[in-house]
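>>> Structure, please.
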Amino acid sequence: MKIWQRVGCSIAIALWVVGSWVQPVGAIEAEAPPLPKTVAPGVSSSILEKLSRIQADRELQELVEKDLERSFTIRAQIQNEVDRAFEHTTTLLNVMLAILTCLPVLAAIAIWFMRRSIVNQILAETKRELREEVEKQLEAEVAAEVKEQAEAFQKKLEALEAEFQSQLDQMQTLFSDTQKAKDQVIQELSQVMPSVFRDSTPPEVHQKIQALTQQLDRLKSANAQLSFSASDYIEQGKALYFENRFEEAIACYDKALAAEPDNPKAWAGRGVTLVKLQQFDDALTAYDKATRFKPDFAEAWFGQGTILAKQQKLEAAIAAYDKATHLKPDLFPAWFGKARCHALHNQPDLALESLASALHLNPDRTREAAKTDSAFDQLRQQDPFQALLNDVGDRDNSNE
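Just a heads-up that it's a prediction; the model follows:
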């Protein structure tokens, strides 16, 4: 503070001196100007004395000059500081002015972005709500449509189910009727069917078998789902055998054996049919299985003896015929086959004995067969053979 007071005093004096004198301050160093004779009004005598002292005191003048120089320097520094402060303040004011100028623009931009964000948010929210509403409405419409379609489909399904059930009932009724018709045909075949081990059938029986076989074929072609038991296949095989449809008969017997592998009738029927096809080894195997599953099967033993006789295995054939005649004494073909084997084996007495049993059971067919069978060629001209045949003929004539 003292420095500033001192500076202020020096500045006041300097201003006064400068105002009083026209010459520059530097002239003070050369020569001090004389004191003015006239004193300005208002100037006290003390001041004049001080000025006189200043002029008289060279040292004091030099000090004043130094103070003046120093005051000018300080003034220049002050002025510089003031200018710098003014420039800084101006810069700050300019910056603030620029900020204040840009602030509305930035505020407008911020407000625009804020507005845009709010608008986008509102738009998104509106879209979401609208989508949810549309989805709900669409879902409701779809649910209603699906429900309507489901109800319509359910009605159609119920109608189709009823129609299908009706058709199924009709088919079941038709199938049941067809099955009953098939069973009826099989039953009639079993009633009229002769034994497959007999060589001939009456014409009327053959016609009946043929008619029943054709009817069974029609039933099978009309309904392929007909069910056949093993016995049904066996009866069908027999009918086909008498129709000379041997391959088809074998197929029926195979189906019967597929259902019942141990059925002796199926094996025996297969054997007799294979004989017709000249497959003697397979036929003998079939007969062997038939007698294995049913040892008291007389017809199977007879069939086995017939094949053995064809293969010239006479002793084995005679043994098979013996089992057949033992099990079924009225089986005249077995007696006749046995007589043939004895005759071929050069056993005339046994041959005549067996031939007599066959003649007793079926004199007509036995006598006709004995007259032409080559097995009896050696016996045919002998008296016992002739007597046996003539005796049977005489008995037949007397019976007539």
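
>>> What's the separation between residue 289 and residue 268?
Using Cβ to Cβ, to the nearest Å, residue 289 is found at 9 Å from residue 268. (Glycine included, C-beta is placed from N, CA and C.)

>>> Between the two, tell me which one has more neighbours.
Neighbour tally, residue 289 and residue 268, criterion other Cβ atoms under 10 Å: the higher count belongs to residue 268, 29 against 21.

>>> any idea how far residue 257 is from that one?
For residue 268, the distance to residue 257 (Cβ to Cβ) stands at 11 Å.

>>> and if you look at residue 301?
For residue 301, the distance to residue 257 (Cβ to Cβ) stands at 20 Å.

>>> Now that residue 345 has come up, it's in contact with residue 318, right?
Yes: counting by Cβ atoms under 8 Å, residue 345 does reach residue 318; the two are 7.3 Å apart.

>>> Give me the more crowded residue out of these two.
Using other Cβ under 10 Å, the more surrounded residue of residue 345 and residue 318 is residue 318, with 22 against 16.

>>> Not counting residues beside it along the chain, what's closest to that one?
Nearest non-adjacent residue to residue 318, counting by Cβ to Cβ, 6 or more residues apart in numbering: residue 341, 4.8 Å away.

>>> Okay, now the unreliable bits of the stretch 301-400 of the chain?
Applying pLDDT under 70 to the stretch 301-400 of the chain flags the ranges 392-400.

>>> Kindly recompute the last result at 80.
In the prediction, the stretch 301-400 of the chain carries residues with pLDDT under 80 at positions 391-400.

>>> got a list of contacts for the host helix or strand of residue 351?
Assigned by DSSP states H and E, residue 351 belongs to helix 348-361. Contacts with helix 348-361, where a contact means Cβ atoms under 8 Å, 6 or more residues apart in numbering, come from 321, 325, 330-333, 335-336, 338-340, 342-343, 366-367, 370, 376, 378-379, 382, 384-385, 388-389, 392.

>>> list the buried ones in that helix?
By neighbour count with 16 or more other Cβ atoms under 10 Å, helix 348-361 contains the buried residues 348, 350-352, 354-359, 361.

>>> Also stretch 80-88?
By neighbour count with 16+ other Cβ under 10 Å, stretch 80-88 contains no buried residues.

>>> Please state the mean pLDDT value computed over it.
In this model, stretch 80-88 carries a mean pLDDT of 73.

>>> where along the stretch 201-350 of the chain do the helices fall?
Applying DSSP state H, counting those that start in this stretch to the stretch 201-350 of the chain gives helices spanning 203-222, 230-242, 246-259, 264-276, 280-293, 298-310, 314-327, 332-344, 348-361.
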